[in-house]
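Undergrad: compute the structure for the input listed below.
(chains A, B, C and D)
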There are 2 protein chains.
Amino acid sequence: MVLFGDLAPGDAVTIQGLSQELNAGVTPVREAIRRLIAEGALEFQGNRRVCVPETTLAHIDEFVTARQWLDPHMARLATRRASRYDIKDLERIDKDLDRAIARNDIRAYMERNFQFHHQVYVLADTPILAALAEGLWLRFGPLLRVVCARMVALDLPDRHQELLEAMAAKDEDAAANAFWEDVTQGMDQVRAALHTDPRDL
Amino acid sequence: MVLFGDLAPGDAVTIQGLSQELNAGVTPVREAIRRLIAEGALEFQGNRRVCVPETTLAHIDEFVTARQWLDPHMARLATRRASRYDIKDLERIDKDLDRAIARNDIRAYMERNFQFHHQVYVLADTPILAALAEGLWLRFGPLLRVVCARMVALDLPDRHQELLEAMAAKDEDAAANAFWEDVTQGMDQVRAALHTDPRDL
DNA sequence: CAGGCAATAATTTGATCATATTGTTGATGC
DNA sequence: GCATCAACAATATGATCAAATTATTGCCTG
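TA: Residues are numbered from 1 along each chain as shown, chains lettered A, B, ... in the order given. Predicted coordinates for the structure are as follows:
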């Protein structure tokens, strides 16, 4: 729910509320919330209240900076290790992603886009760096969802095709560059959207 | 206990064990363990058992790679923002650190060394990147403690002095470089120690 | 009609308990 | 003497409960 933005920034989160919304016991929900707070995906605000953090422009800068380093680095490693079948898998995910865009399905778009990057992290075989990167996705899921939901049409070009070609050619530099562009261009769109309509800081 | 290596890699962790060791209730301990698992500081091994993760050489590479990027980056930002008083604070911490080394107090050394880096992260004013970096410290506390404990004498030169001079001179490049050297040199020592005596993977 | 205060409702927190799962110990059979 | 299996002990898990804290509602006063 956090990762794909079913919860919006600022939304309050209660144990009992989630517990009955998900038909789950109260204990697992309680522990899940604690876990998400530890990862920065939820925020504890003194008064025992928990909510989805609001994202500031400064936070976005940190997010971009970190992923501009992490994603290309892991794309490089993934290129070194990916087999033909691994690349086929990525292509399949990318096809699904395009279909989600075509039918304007924001939720599916976010899932597939994450899945694509996640799979690259898996191929890189660097669990610690992957955990860092996925923690960042978690922190920015809610904001991304809001921004995407506000677009009239899901017009989101990515650099996945270039990455796949670079990986197939075992060109690490090109792969790293493609993923750097993917991150940079994606976040430029987010910033532009926030600039024209800065409803959420 | 994890951050400063009071728990060694491989150590098993039980709720009730910690609960009575710390004279704490069972509920807070349970939630703390879940939190630390989420941060990668503890590991859940299928069979309901929780333990301190063993660190492999591959993990060390990831740790070094990440901190070689994170620490210099934040040192640069900290240099941009640090006042004369901030630098004085850092100097005080560094003095304490040297005293800890002089009296061969490993635990105090680890605390002060972390505190020094932590303070730089605070000055950088990038909470998300700081959270990433401190998560890394947490993952590697247990290993560092073991390695330090095995040294006959705490012979750990650092580049803190160079960093402080660079910060005072507002030389961002020099500051970034000093912290890069600090990370690199420190981890080279760890790797060397593990190479001569690889008792723990 | 507005502002402050009291009472109520909602929520978190930590403890306790029943259950299930896992690891260990001891006994039995080969 | 060793392997196998059963009984037992230890532990985690999820539910439930009492206490404390916080938010909200409604009432009273100026």
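Undergrad: what is the burial count for residue A:173?
TA: When neighbours are counted by other Cβ atoms under 10 Å in any protein chain shown, residue A:173 registers 11. (Glycine included, C-beta is placed from N, CA and C.)
Undergrad: repeat that for residue A:187.
TA: Neighbourhood size, residue A:187 [other Cβ under 10 Å]: 19.
Undergrad: is stretch A:1-21 anywhere near DNA strand C?
TA: Yes - judged by Cβ under 7 Å from any atom of the strand, stretch A:1-21 and DNA strand C are in contact via A:13-17.
Undergrad: how about that stretch: buried residues?
TA: The neighbour-count check on stretch A:1-21 (16 or more other Cβ atoms under 10 Å in any protein chain shown) flags A:1-5, A:7, A:9, A:13, A:18-19 as buried.
Undergrad: quick revisit: which two in the residues of stretch A:1-21 next to DNA strand C are spaced the farthest apart?
TA: Farthest pair in the residues of stretch A:1-21 next to DNA strand C (Cβ to Cβ) is A:13 and A:16. Separation: 10.5 Å.
Undergrad: enumerate the residues of chain A near chain B.
TA: A:30-31, A:34-40, A:58-59, A:62-63, A:65-66, A:69, A:73, A:126-129, A:131-132, A:135-136, A:139 (Cβ under 8 Å from any Cβ of the partner chain).
Undergrad: of those residues, select the buried ones using a ChimeraX command.
TA: Burial among these is assessed by 16+ other Cβ under 10 Å; the matching ChimeraX selection reads:
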select /A:30,31,34,35,36,37,38,39,40,59,62,63,65,66,69,73,126,128,129,131,132,135,136,139
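Undergrad: which bits of chain A sit near DNA strand D?
TA: So chain A meets DNA strand D at A:24-28, A:31, A:47-49 (Cβ under 7 Å from any atom of the strand).
Undergrad: now which of those residues would you call buried?
TA: By neighbour count, with 16+ other Cβ under 10 Å, those hold residue A:31 as buried.
Undergrad: a markdown table please, covering the residues of chain A next to DNA strand D and showing secondary structure.
TA: A markdown table is the format used below for these (DSSP: H, G, I helix; E, B strand; the rest coil):
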| residue | secondary structure |
| --- | --- |
| A:24 | coil |
| A:25 | coil |
| A:26 | helix |
| A:27 | helix |
| A:28 | helix |
| A:31 | helix |
| A:47 | coil |
| A:48 | coil |
| A:49 | strand |
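Undergrad: ok, of the residues of chain A next to DNA strand D, which one's closest to chain B?
TA: Of all the residues of chain A next to DNA strand D, chain B sits closest to residue A:31, with 5.1 Å by Cβ to the nearest Cβ.
Undergrad: can you pull up the most central residue in chain A?
TA: When Cα atoms, centre = their mean is applied to chain A, the residue found nearest the centroid is residue A:137 (3.6 Å).
Undergrad: list the contacts for that one?
TA: A:3, A:114, A:117 (Cβ atoms under 8 Å, 6 or more residues apart in numbering or on different chains).
Undergrad: element containing it?
TA: Remark: residue A:137 resides in helix A:127-150, with elements defined by DSSP states H and E.
Undergrad: and the angle from that helix to helix B:127-150?
TA: Computed with axes from the mean of the first three to the mean of the last three Cα atoms, to 10 degrees, the direction of helix A:127-150 lies at 170 degrees from that of helix B:127-150.
Undergrad: the next helix or strand after helix A:127-150 - contacts with which helices or strands?
TA: Using DSSP H and E, the next helix or strand after helix A:127-150 towards the C-terminus is helix A:160-168. For helix A:160-168, the elements it packs on are helix A:57-81, helix A:84-102, helix A:172-196, judged by 3 or more Cβ pairs under 8 Å, 6 or more residues apart in numbering or on different chains; DSSP states H and E.
Undergrad: neighbouring contacts of the last one?
TA: The one in question is helix A:172-196. Contacts of helix A:172-196 (Cβ under 8 Å, 6+ apart): A:57, A:60, A:63-64, A:67-68, A:71-76, A:78-80, A:120, A:143-144, A:147, A:150-151, A:156-160, A:162-163, A:165-167, A:200.
Undergrad: buried only: go through those for me.
TA: Buried among these (16+ other Cβ under 10 Å): A:60, A:63-64, A:67-68, A:71-76, A:78-79, A:120, A:143-144, A:147, A:158-160, A:162-163, A:166-167, A:200.
Undergrad: re earlier: switch the helices and strands packed on helix A:160-168 over to JSON lines; also include mean pLDDT.
TA: Shown next, in JSON lines, are those (pLDDT from 0 to 100):
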{"stretch": "helix A:57-81", "mean pLDDT": "96"}
{"stretch": "helix A:84-102", "mean pLDDT": "94"}
{"stretch": "helix A:172-196", "mean pLDDT": "91"}
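Undergrad: residue B:105: which of these is closest?
TA: Closest to residue B:105 of these, according to Cβ to Cβ: helix A:57-81, at 34.5 Å.
Undergrad: for residue B:32, see how far away the closest residue to residue A:13 other than its chain neighbours is.
TA: Leaving aside its sequence neighbours, residue A:13 sits nearest to residue A:50 (Cβ to Cβ, 6 or more residues apart in numbering or on different chains; 4.8 Å). Residue A:50 sits 17 Å away from residue B:32, taking Cβ to Cβ, to the nearest Å as the criterion.
Undergrad: got it, and residue A:113?
TA: With Cβ to Cβ as the criterion, residue A:113 and residue B:32 are 34 Å apart.
Undergrad: neighbour count winner among the two?
TA: Neighbour count, other Cβ under 10 Å: between residue A:113 and residue B:32, residue A:113 has more, with 24 against 19.
Undergrad: hang on, the earlier thing: which of the residues of stretch A:1-21 next to DNA strand C fall in strands?
TA: residue A:13 (DSSP state E).
Undergrad: any chance of the residues of stretch A:1-21 next to DNA strand C in CSV, plus pLDDT?
TA: CSV is the format used below for the residues of stretch A:1-21 next to DNA strand C (pLDDT from 0 to 100):
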residue, pLDDT
A:13, 94
A:14, 94
A:15, 94
A:16, 91
A:17, 92
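Undergrad: what sits against the residue in chain A positioned nearest to DNA strand D?
TA: When scored by Cβ to the nearest atom of the strand, chain A has residue A:25 as its residue closest to DNA strand D, at 1.7 Å. Neighbouring residues of residue A:25 by Cβ under 8 Å, 6+ apart: residue A:19.
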